[in-house]
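# Prediction below, plus the sequence it came from.
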Amino acid sequence: MLFSAGPKEQRKDLYNFENELERLIHAYHDNLVRLIVIKGLRRTGKSSLLRVSLNESGLNYILIDMREFDIISRSELYEYLRKALLSIVGGKMKYLADKVRALSVVGIKLELEKEEQDDYRYLMRKVNDWAKQHNTYFILAIDEAQELAKIGFSRYLAFIYDNLSRIKIVLAGSQVGVLNKLFEDPEAPLFGRAREEISLSRFNKVQSIDFLKKGFAEVGLDIPDKYINNAVTYLDGIVGWLVMYGFIAYQTGDPELALEQAVNDGMKLVKNELNKFLETRGIGKQRYLTILKILGDRKRRWKEIKKLLEFEEGKRLGNNQVSHYLNELVKYGIVMKKDAFYYLPDPILQQAVLKAVSYTHLTLPTN
């Protein structure tokens with residue numbers, strides 16, 4: 001179903017990603033492609049695209065979704081990886097997938113000694129040898145891969161890239177700036193490695209309307225165009241919000257109430273995500289909030305943001321200070337920059353910020 005909650009698993013439930021899906025499947029089997037990166041805003045379909053492509057690849061894979069872990073250490077991740085590998089290669093330890101999915105399409109049967117089962121690095125090399133012998137590939141896929149930067153796992157991914165030629169690495173992430181640092185920072189282990197990149201964007205208005213109409217037809221609802229058009233205007237082509245709206249409308253049978261509930265539920269989600277970001281910002285938390293409020297009602301240039309930020313704080317700020325805060329917001333996908341303008345790309349986040357402004361009585365000069 002188009003309106004089913006959670007990431008999609010089958011092609012029939014995936015809307016408007018045919019080209020991206022075919023590119024991914026082709027890359028999985030391309031001898032020259034070792035590293036694949038899927039990028040896009042939150043709730044633009046990355047996780048669904050990743051899962052459907054893995055299921056259709058015909059290859060063995062492990063999928064690690066970093067959102068499953070509240071806090072994770074490098075050693076804990078290595079242990080999950082080890083157990084997942086054991087579940088695929090037929091080791092003696094039984095592994096029931098919870099936070100890490102492992103799928104063996106054809107069955108990789110290896111005889112392993114006890115000490116060999118205890119080392120994820122050995123297991124990965126054995127899987128690579130098996131894939132080479134059978135002229136196939138194995139996929140190590142990681143969703144919300146920007147989290148890897150916190151635990152140094154990208155160093156091991158660089159080892160795989162350089163030494164295990166039959167293992168494909170697939171990284172998906174919504175904090176595009178953080179994800180890019182894994183490849184673009186000269187000090188990063190993966191710096192300079194060639195990669196295939198697939199970028200996802202929001203639906204346009206025509207696609208959004210078509211998505212909702214097809215979704216409602218699928219569940220047997222005939223929703224008047226005025227409600228669909230209103231929802232598309234508010235939710236601005238972000239498929240995750242469109243799915244939420246469609247599902248609530250299906251549950252309640254009230255398309256007008258469904259939009260209100262989708263916006264309210266969505267605001268709770270984005271506030272929680274924003275709070276996780278702000279928790280790590282120390283004394284700079286209030287300045288980030290002020291910048292978001294400045295961007296709450298419109299796109300603004302850097303100079304205008306600086307002027308309004310100084311107005312709110314009642315003091316002069318250095319150019320580098322303002323740039324630092326804006327760059328961090330862009331890096332984490334909270335703010336976007338296009339044609340010299342900064343703006344909030346998520347309409348629900350924008351609604352949450354505007355609501356916060358009305359409560360805090362933020363007043364900005366008009367000139």
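Thanks, I have it. Bear in mind the structure is a predicted one, so any value in this text is a computation, not a measurement. Numbers count the residues shown, from 1 in each chain.
# Output the longest helix belonging to this protein.
helix 255-278 (DSSP state H).
# could you point out which element follows that one?
Counting by DSSP states H and E, the next helix or strand C-terminal to helix 255-278 is helix 285-294.
# now that next one against helix 255-278, angle please.
Orientation of helix 285-294 against helix 255-278 (axes from the mean of the first three to the mean of the last three CA atoms, to 10 degrees) gives an angle of 150 degrees.
# Give me the mean pLDDT for helix 285-294.
Averaging pLDDT along helix 285-294 yields 93.
# cool, and stretch 35-54?
Mean predicted confidence for stretch 35-54 is 94.
# Same question for stretch 298-305.
pLDDT averaged over stretch 298-305 gives 95.
# mind checking how far that stretch is from the chain centre?
In terms of CA atoms, centre = their mean, to the nearest Å, the centre of stretch 298-305 is found 27 Å from the chain centre.
# For it, which outside residues touch it?
291, 294-295, 308, 322-323, 326, 340-343 (CB atoms under 8 Å, 6 or more residues apart in numbering). C-beta coordinates here come from the backbone N, C-alpha and C atoms, glycine included.
# Next, the buried residues of the longest helix of the chain.
255, 258-259, 261-263, 266-267, 269-271, 273-274, 277-278 (16 or more other CB atoms under 10 Å).
# Likewise for stretch 322-339?
In stretch 322-339, counting by 16+ other CB under 10 Å, buried: 322, 325-326, 328-336.
# repeat for stretch 34-47
Going by 16+ other CB under 10 Å, stretch 34-47 has these buried residues: 34-47.
# lowest-pLDDT helix or strand in this structure?
helix 114-117 (a mean of 58; mean pLDDT, DSSP states H and E).
# Quick one: name whatever helix or strand follows that one.
helix 120-133.
# In that next one, which of the residues would be classed as buried?
120, 122-124, 126-128, 130-131.
# shaky segments in the protein?
90-99, 102, 104-107, 109-118, 357-367 (pLDDT under 70).
# Could you pull out the strands in it for me?
With DSSP state E as the criterion, the chain has strands at 35-39, 60-65, 100-103, 138-143, 167-173, 196-199, 300-301, 336-338, 341-343.
# Now do the second one: everything it contacts.
Looking back up the chat, that one is strand 60-65. 47, 50-51, 54, 77, 80-81, 84-85, 88, 99-106, 108, 127, 131, 136, 138-144.
# In ChimeraX, select just the buried ones from these.
Buried members of these, defined by 16+ other CB under 10 Å, are picked up in ChimeraX with:
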select :47,50,51,54,77,80,81,84,85,88,99,100,101,102,103,104,108,127,131,136,138,139,140,141,142,143,144
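# Would you check how far apart the residue nearest to residue 252 when sequence neighbours are not counted and residue 24 are?
Once flanking residues are discounted, residue 252 sits nearest to residue 258: 5.6 Å by CB to CB, 6 or more residues apart in numbering. Note on residue 258: its distance to residue 24, by CB to CB, to the nearest Å, is 32 Å.
# got the contact list for the closest residue in space to residue 144 that isn't next to it in sequence?
Spatially, and ignoring its direct neighbours in sequence, residue 144 is nearest to residue 66 (4.2 Å; CB to CB, 6+ apart). Listed by CB under 8 Å, 6+ apart, the contact set of residue 66 reads 72, 142-145, 147-148.
# do the same with residue 2
Contacts of residue 2 (CB under 8 Å, 6+ apart): 13, 15, 211, 214-215, 218, 243, 246.
# so can I have a markdown table of those showing distance to residue 29?
Below are those laid out as a markdown table (distance: CB to CB, whole Å):
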| residue | distance to residue 29 |
| --- | --- |
| 13 | 23 |
| 15 | 24 |
| 211 | 29 |
| 214 | 30 |
| 215 | 32 |
| 218 | 32 |
| 243 | 30 |
| 246 | 34 |
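# which of those are buried?
Of those, these count as buried by 16+ other CB under 10 Å: 15, 211, 215, 243, 246.
# Go through these and flag which are in helices.
Per DSSP H, the buried ones among the contacts of residue 2 map to helices at 211, 215, 243, 246.
# Mind picking the two most distant members of the buried residues of stretch 34-47?
Farthest pair in these (CB to CB) is 34 and 43. Separation: 28.6 Å.
# Number of residues surrounding residue 194?
Number of residues near residue 194 (other CB atoms under 10 Å) recorded here: 10.
# Next, it: phi, psi?
Phi and psi for residue 194, reported as degrees, to the nearest 10, are phi -70, psi 150.
# Does residue 222 touch residue 216 like I think?
Yes. Applying CB atoms under 8 Å, one finds residue 222 in contact with residue 216, separated by 7.1 Å.
# who's more crowded, the two?
residue 216 (20 against 7).
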